[in-house]
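A.B. asks: pasting a predicted model and its sequence here:
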Amino acid sequence: MKLNEAQNSFKELTLNPYATAELGLRPAGQLSQKQAFDVYRHGYVEKLSEALEQNFASIQWLLGKRIFADLCADYINQMPAITHNLREYGEEFPDFIKIHPTTRNIPFLKDMGRFEWIYQNIARAKSPEPLNKELCRDLIDSANFKIRFIPAMEIFESVFAISDIWNCHQSPTCEFEDIQWSRPENILLFKKKHQVLVHKLDRCQAAILLDLQEGALIATALASHASHLTVDDISSFFSFLIDSELIEDIMVLD
C-alpha cells in the first residue's frame, strides 16, 4: 500500500465507524483493528470538540450544547485536524457554520465565530512591547509621522452587535432576547500586558486606525475625516492609543 493510500485509509478509519479498510496494524492487547480505531476515534473527536468549545464558547452558548456537539461532529468529519496544536483548530469553523443547514439562517453567527477566533488568537499572542508612553507623547507632536502598532491587535467590523452578544455570554444575568443584535459595530481587540481587551470604536476612529495600520501618514489618515474631528477629538484619540499601549513605534518623517 502506498503512503497516500495508507494515510487516506487511516483518516477514513478514524472518522468513519463503518469503514472497513485494512491497514495491517497490530493493536495492543486483544483488540481488533476496528476496536482499536473505535477507541482512538472517540478520543480524537472528543479532543477536537473540546478545542472547538474553547475557541467558540459563545457559539456553544447561543446554540446549546447538544446542537453545538452535532455541529462539531460534522465539522470534524469534514475538516480533520492538520495541526498538533489543538488551540489552532477551527479557523474555518465560522465559514462552516455560515453554510451548515442547522445554522445558515442565523445571520450573525459567522461574525460571532470570526470575533471569537480573533479573540483567541490575540490571547495566544506574545505580550506586546509598546513604545514608552512619554516618548510617544513627544513624537506625536511632530508634523508628520507613521505609526507601527503592536502585532496583538485587530480591528473587527460587523453589521451586527457582536460585542454585545459576546458580553452577554460573559454575564450570568444577561438574556440574549435583550440584545439589539442588528446594530453595526466597529471593535478593537488588543492585548495589553497579559489581558485581551475589547473596545468599541466609532466609524471614523476605525477608518483612521485601518489607514494607519496600512502605513498611511498621520496627516493623510486624518485628512479625509477632518470635517468630523475637532482638536479635542484628535487629542483624545491619541491619548487612547498611548494609554492602551497600542503603539510599538513611531517613525517621524522630515
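C.D. replies: It's in. Numbering: from 1, shown residues only.

A.B. asks: Asp86 touches Tyr44, doesn't it?
C.D. replies: Quick fix: residue 86 reads Leu, not Asp. No - the pair Leu86 and Tyr44 does not pass the contact test of Cβ atoms under 8 Å, sitting 10.5 Å apart. C-beta coordinates here come from the backbone N, C-alpha and C atoms, glycine included.

A.B. asks: what is the neighbour count of Pro101?
C.D. replies: 7 (other Cβ atoms under 10 Å).

A.B. asks: any idea how far it lies from Glu88?
C.D. replies: Between Pro101 and Glu88 the computed distance is 27 Å (Cβ to Cβ, to the nearest Å).

A.B. asks: now the stretch of helix or strand Ile165 belongs to: buried residues?
C.D. replies: For Ile165, the element it lies in under DSSP states H and E is helix 162-170. By neighbour count with 16 or more other Cβ atoms under 10 Å, helix 162-170 contains the buried residues Ile162, Ser163, Asp164, Ile165, Trp166, Cys168, His169.

A.B. asks: and that helix, how far out from the chain middle?
C.D. replies: Between the centre of helix 162-170 and the centre of its chain there are 14 Å (Cα atoms, centre = their mean, to the nearest Å).

A.B. asks: what's the average pLDDT for it?
C.D. replies: Here helix 162-170 scores 91 as its mean pLDDT.

A.B. asks: which secondary structure elements does that helix contact?
C.D. replies: The helices and strands touching helix 162-170, judged by 3 or more Cβ pairs under 8 Å, 6 or more residues apart in numbering; DSSP states H and E, are helix 57-63, helix 109-124, strand 185-192, strand 195-201.

A.B. asks: wait, which of the ones you listed is closest to Met251?
C.D. replies: Checking the helices and strands packed on helix 162-170 against Met251 by Cβ to Cβ gives strand 185-192 as the closest, at 20.2 Å.

A.B. asks: need the residues that contact the closest one.
C.D. replies: Applying Cβ atoms under 8 Å, 6 or more residues apart in numbering, the contact partners of strand 185-192 are 115, 118-119, 122-123, 125, 127-128, 150, 152-158, 160-164, 196-203, 205-206, 209, 244-246.

A.B. asks: buried ones among these?
C.D. replies: Buried members of the contacts of strand 185-192, scored by 16+ other Cβ under 10 Å, are 115, 118-119, 122, 128, 150, 152-156, 158, 160-164, 196, 198, 201, 205-206, 209, 244-246.

A.B. asks: now do the contacts for Ile150.
C.D. replies: With Cβ under 8 Å, 6+ apart, Ile150 has these contacts: Pro128, Glu129, Pro130, Phe190, Lys191, Glu245, Leu246, Ile247, Glu248.

A.B. asks: quick one, phi/psi of it?
C.D. replies: Main-chain dihedrals, Ile150, degrees, to the nearest 10: phi -60, psi 150.

A.B. asks: got it, and the one 5 residues further on?
C.D. replies: Recorded main-chain torsions at Ile155 are phi -100, psi 130, according to degrees, to the nearest 10.

A.B. asks: so what's it bridging to?
C.D. replies: Leu188 (DSSP bridges).

A.B. asks: show me what contacts it?
C.D. replies: With Cβ under 8 Å, 6+ apart, Ile155 has these contacts: Asn186, Ile187, Leu188, Leu189, Leu201, Ala206, Leu209, Leu210, Gln213.

A.B. asks: hmm, try it at 7 Å
C.D. replies: By Cβ atoms under 7 Å, 6 or more residues apart in numbering, the contact set of Ile155 is Asn186, Leu188, Ala206, Leu209, Leu210.

A.B. asks: tell me where the model's unsure across this structure.
C.D. replies: 1-43, 82-83, 254 (pLDDT under 70).
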